[in-house]
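Participant: Return a 3D structure for these sequence lines:
(chains A, B and C)
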Amino acid sequence: MVADTCAKHFKILGLTTVLMGVSAIGVQAQQAAAPAPVRLGIVSFLTGPAASPFGIPGRNGAEIMIEALNGGKVPAPYATVGLGGTKIEAKYVDEAGSAANVVTEFRNLVQRDKVDAVVGYISSGSCLAVTPVAEELKALTVYFDCGTPRIFEEAARKYVFRPSPHATMDNTGAARYVLSKKKDVKFFSGINQNYAWGQDSWRDFLSAMNILAPSAKAEKELFPKLFAGEYGAEISTLLTSKSQVVHTSFWNGDLEGFLYQSQARGLSKRMPIIATTAEASIWRMRDKMPDGTIIGGRGPNGPLAPNTALNKWFHGIYVDRYGTPPTYPSYQMALAILGLKVAWEKAQKTKGGGAPTTEEIVSAFEGIEYEAPSGKVKLALGKGHQGIQETAYGTYRFNKQKQTPEIVDVIRFPAECVNPPSDVNSDDWVKGGMKGAKC
Amino acid sequence: MSARTNLAGASAFVVLAAAALAAPAWFVSLATIAFANALVVLGLIVLWRAGLVPFGQALYYCVGAYTVALLARWVGITDAFVMLAVSGLIAGLVAYVVGFLLARYREIFFAMLSLALSMILYGVLVKTETLGSTDGFGVATPTFAGYAPHREALGLALYWLVLAVGALCAFAVSTYFRTTAGALAIPIRDNEIRIEFLGLSVNDLIHLKLVIAGVVGGLGGALAAMSIGHVDPNMSYWTTSGGFVFVTILAGASSVAAAFVGSLVFEIVRTVAVDLLPGFWQMILGSVLLLTILFLPEGLGSVFARLRGAPDRGAP
Amino acid sequence: MLTAFAIVADGLVYAAYLFLVAVGLTLIFGVMKILNVTHGSFYAFGAYGAATAAGIYFDRSLPDALGFLFMILFAMGIGLILGLILERGILRLVYGKDEVVIVLVTYAVFLILEDVITLIWGPRSYGAYQPMVAAGSIDVGRLTLSNYDIGLVIIAAALALATFLALKRTRFGRLLTVVIYDRETAAAFGVNVTLVYTVTFVIGAMLGTLGGAVMAPKISVTLGIGVEVIVLAFAVVAIGGMGSIEGALVGALIVGLARAAAVHLMPQIELFIIYGVMALVLAFRPFGLFTRAEPRKI
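Facilitator: Residues are numbered from 1 along each chain as shown, chains lettered A, B, ... in the order given. Okay, here's the model as predicted:
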């Protein structure tokens, strides 16, 4: 009986060993193809509602950047092959699932697949769950999208970096843009999804409006559930209100559904909608995006990106490959990968050649400044781990002659205007009157 | 029979505990989460034997997990044993209170009411912005009666803790199955009125089962929170409950060991599927479930029963 | 006053949406005692199908109304094929198993179909807004109502009436009623239960895709829309009483009006409305509003 049970358990262990063996063989086969490449784990949503707007553009951005880097085709100063002459090999992983799944897959990348660095994560929940594990495993991790400022404000981090700015900038920028276009706002409303992203976005926007226009009043604060799809009652509430502008941090499906429905009911004619992530939707919605919508792209991304040679190159290769212009997740991914490259090569130079260790890359990464397709970035916050960039907002217009979306009346806000100074908690900074903002 | 089963369980425990020293670190943490989830499945097996399948068992999982996280955050307690005891107690208390309502329900109404209750907790947590809403918040690194390991040592300590708690719960539940109250599960499923003719209250018997399932579910959530290092309201969402029911069907209700085997197999299948086909792992998962139901109607547990050559299957 | 009108109008629109997604589910449950998780996939396939049809039809300067009809027929055609494949190919194999096991079978199929959607349509999202844009709007004071929403309420009411009449007045409807009440007796009296099952499941699937098709113009058709609908439909059906068409209608109206009132008057509680109503109703009517208690057999 005992022997039977043991045999049973050995069978399970045997199965497990076979499974582990299979993945190990896969790893070895890949290694044999190119001598000791740099291995990166790229994590983004490949399934579920966030795949189409963020996950796939992010993955595509990684794919095309890695290909260009390996071919040495990225314009100067990034013309060296791969990372410091070593080619990059990427493994793509799905971010979908519970926090337990995300953490398990992160451990698998670091401990089983032995990647040199992990680049990824879209959901703030994923980033918050992965951060302590990355620190514990001493694994270099570069976030590319997730918006919450909490990652570097709750504790100092060593192995975790986020070159793309956090979400505070999106909403302080939005408030500044609204007030520069409509100085006499008396009433405004917000419709945001009832989860952390929507709640944080509205809180930041509301605090910024209270500081910048104390006489303006928040009228309706609507929080439909995430992926609700049907917004009839919310639109009626807004239609019967006195608001002159409505703020939303809706994204993709919810944003598009809300915009279709508010157009059908004349809401977008009554009051402009300021949509902090709408840049990711303009190429799909085209003439169905209401003219006059105020468009944000989580930083100077997409059509809001500066007119530089690097941006033109990135835009060009992306359109050639995928047939659609890159949206902000693609830009953020390029920003993250280039940041890793800059840090890597800086560490290599300090060392005087050869592959740098994680510790060397981590200390080289802190506080770097560099240029990406979305312009200049500086890792100024969180003791040099969190990037700040300028941001830009503009007004949407569909150009009927050229049959193409346009963003006009663009206003750019310098990085120090819309981001807190280092060592100040962003929530406190906004509520406390945005002291030290250089606009 | 029971002595033999206990002996078999004890030797399985020793083998599994020793195996961790040889296994790679990533696999140990995968098994830790799998066995923590297995505790919830254990509770579901208790209920399923009586014909009850809740779609909201994640309620207790989430209560246990948040208890651990909040004990560290608000009270400053990080001792794993204290946190476990409190989590089990609170989850059991919640199950006891909710049980007065739930014990009156059967079949699909039981399933839906338990779902509604877990979704109300989800809603409350989403509304609680000070606890990070849907982003959740981190769980402090647990200590073990003064011992404060890190990295690999922490992983092993958590694994052994999960294994020990799992073994204790498995033993307790299988003992319960042999008591009168436990043995009446299948008669309850077949026909309640006969039980009442014996002078017993079916609702009371089910209330006890709900509390047992709640306590082990809470312990599972507490252990999961410690090993993940993060809690979020998603732990109470209906898809989480759906996942537990999924594993229960995969495992089958034949024995308590099935919960642990099923949960581990599920985690391995999921992680291999994500590794092989990152965009299409749900299809693999769904196919595995479908094939299990079609070809192993009694769950994975039945394979072992067959291997054991149990000739008395189906006999009372 | 305008707010009260808005609550009723919004409530009716939301109720129409809920009824349209719940009616197929409750029909299948009533006849077959299957809680069909795949219903979410039917909704998603309907929406994707309608979006595909809209892509084929519009921009060819054909009449808009026919385009809407084409979208619905296209989507229901998908429901017909999908329903047949699932019932004949998979469910047939598991009839007679524990109800919960069958729920899990439909859950497994749902997981597979989620990825089938990605295989067919890719991860991008689709719009099918043309019918809603073409329908236009009317003004009631400061409130602008979409004619498409009004049409949705009419479609839902017509569907409720049609199912009611079909169950009471047609031969097949009466057969269904017999099977709903007592499967074994029905079989003993020579009712071809197998055929009734197939037809019911296919009709349920077509109603699911219909729900997706009529909602497609209002939403962005994207991955994961099916998941959201499942619990919504379950809740409505549990409130009304599993398997009761009248119940689904009343459940949809209660939830729809309660939600609209919450959004207008107390937006904070919107998240809890549906589950709160469900818990409340089940606490007082354990089998939902419109189901009779099962006789207890010794």
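Participant: measure B:M226 to B:T78 for me?
Facilitator: Separation of B:M226 from B:T78 (C-beta to C-beta, to the nearest Å) stands at 10 Å. (Each C-beta comes from the backbone N, C-alpha and C, glycine too.)
Participant: In terms of neighbours, single out the busier of the two.
Facilitator: The neighbour count for B:M226 versus B:T78, taken as other C-beta atoms under 10 Å in any protein chain shown, is higher for B:M226 (28 against 18).
Participant: can you give me phi and psi for that one?
Facilitator: Here is the backbone geometry of B:M226 (degrees, to the nearest 10): phi -60, psi -40.
Participant: That one contacts B:Y159, correct?
Facilitator: No - contact criterion C-beta atoms under 8 Å: B:M226 and B:Y159 do not qualify, at 11.0 Å.
Participant: Helix or strand for the residue in chain C positioned nearest to chain B, just tell me which one.
Facilitator: Chain B sits closest to C:L111 of chain C, with a gap of 3.1 Å, by C-beta to the nearest C-beta. Assigned by DSSP states H and E, C:L111 belongs to helix C:99-121.
Participant: So is the helix or strand just after that helix next to chain A?
Facilitator: Next in sequence after helix C:99-121, counting helices and strands by DSSP H and E, comes strand C:126-127. Yes - counting by C-beta under 8 Å from any C-beta of the partner chain, chain A has neighbours in strand C:126-127: C:G127.
Participant: roughly how far is strand C:126-127 from the heart of the chain?
Facilitator: Taking C-alpha atoms, centre = their mean, to the nearest Å, one finds strand C:126-127 lying 20 Å from the centre of the chain it belongs to.
Participant: pLDDT on the helix or strand following it, on average?
Facilitator: Sequence-wise, the next helix or strand downstream of strand C:126-127 (DSSP H and E) is helix C:130-135. Averaging pLDDT along helix C:130-135 yields 90.
Participant: Contacts for helix C:130-135 next, please.
Facilitator: In this structure, residues lying in contact with helix C:130-135 by C-beta atoms under 8 Å, 6 or more residues apart in numbering or on different chains are A:260-261, A:263-264, A:288, C:54, C:58, C:64-65, C:67-68, C:71, C:146-148, C:151, C:217-218.
Participant: if you set the cut-off to 7 Å instead, what comes out?
Facilitator: A:260, A:264, C:54, C:58, C:64, C:67-68, C:146-148, C:151, C:217-218 (C-beta atoms under 7 Å, 6 or more residues apart in numbering or on different chains).
Participant: Check stretch A:417-426 too.
Facilitator: The set of residues external to stretch A:417-426 that reach it, using C-beta under 7 Å, 6+ apart, is A:149, A:153, A:165-166, A:168-169, A:172-173, A:380-381, A:388, A:391, A:429, A:436-439.
Participant: about what we covered before: wait, isn't the residue of chain C closest to chain B in contact with B:L285?
Facilitator: Yes - using C-beta atoms under 7 Å, C:L111 is in contact with B:L285, at 5.6 Å.
Participant: got the buried residues for stretch A:148-167?
Facilitator: By neighbour count with 16 or more other C-beta atoms under 10 Å in any protein chain shown, stretch A:148-167 contains the buried residues A:148-154, A:157-167.
Participant: what about A:I66, which SS state?
Facilitator: For A:I66, the assignment made with DSSP: H, G, I helix; E, B strand; the rest coil gives helix.
Participant: which of the contacts of stretch A:417-426 are buried?
Facilitator: A:149, A:153, A:165-166, A:168-169, A:172-173, A:380-381, A:388, A:391, A:429, A:437.
Participant: does stretch A:164-172 come close to chain B?
Facilitator: No - judged by C-beta under 7 Å from any C-beta of the partner chain, stretch A:164-172 makes no contact with chain B; its nearest approach is 11.4 Å.
Participant: can you give me the mean pLDDT across that stretch?
Facilitator: 93.
Participant: neighbouring contacts of that stretch?
Facilitator: Applying C-beta under 7 Å, 6+ apart, the contact partners of stretch A:164-172 are A:144-145, A:147-149, A:200-201, A:204-205, A:208, A:276, A:296, A:298-299, A:332, A:335-336, A:386-389, A:391, A:418-420, A:426, A:430, A:434.
Participant: Thanks again, I'm all set now.
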